[in-house]
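In: Predicted coordinates and the sequence they were generated for:
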Amino acid sequence: MSIRATIEEKLAAAFLPQHLEVINESHLHAGHQEHFDGAGETHLRLRIVADAFSGMSRIERHRGINALIADELADTVHAFAIEAAAPGEPRRW
């Protein structure tokens, strides 16, 4: 199973989100480092909306998400952007 799919599975089970996207943005970073062609799952973006985030600060949301997927982030993931919201909160996406 891919890292992206594993992250999606864990987040779906833990937060029961109304919206969940894990986007692989690795290709956008090709050439940023010598010998990196943008392949693989090194740069990911999470977009998630869940009732579980109601009343939580942005830091609390990020800490909860990062703790849940720490194993997946420890290996090959270089960057993981988190966009987490509760239902009804304004968001840029």
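Out: Yep, that arrived.

In: Now do the worst-scoring helix or strand of the chain on mean pLDDT: which elements does it pack against?
Out: One helix or strand of the chain scores below all others by mean pLDDT, DSSP states H and E: helix 70-74, with a mean of 92. Other elements packing on helix 70-74 under the criterion 3 or more Cβ pairs under 8 Å, 6 or more residues apart in numbering; DSSP states H and E are helix 3-15. The way it works is simple: take the backbone N, C-alpha and C, and place the C-beta from them, glycine included.

In: chain center to the helix or strand following the helix it packs on: distance?
Out: Note on helix 3-15: by DSSP states H and E, the next helix or strand toward the C-terminus is strand 19-24. Distance of strand 19-24 from the chain centroid (Cα atoms, centre = their mean, to the nearest Å) equals 7 Å.

In: Okay, and the residue nearest to the spatial centre of the chain sits in which element?
Out: Nearest to the geometric centre of the chain sits Leu46, at 3.0 Å (Cα atoms, centre = their mean). Using DSSP H and E, Leu46 sits within strand 43-49.

In: what's that strand packed up against?
Out: Applying 3+ Cβ pairs under 8 Å, 6+ apart, one finds that strand 43-49 makes contact with helix 3-15, strand 19-24, strand 79-85.

In: Report the buried residues of that strand.
Out: Buried residues in strand 43-49, defined by neighbour count with 16 or more other Cβ atoms under 10 Å: 43-49.

In: Please produce CSV containing the helices and strands packed on strand 43-49, extended by distance to Arg58 and mean pLDDT.
Out: Formatted as CSV, the helices and strands packed on strand 43-49 follow (distance: least, Cβ to Cβ, whole Å; pLDDT from 0 to 100):
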stretch, distance to Arg58, mean pLDDT
helix 3-15, 15, 96
strand 19-24, 17, 96
strand 79-85, 8, 95
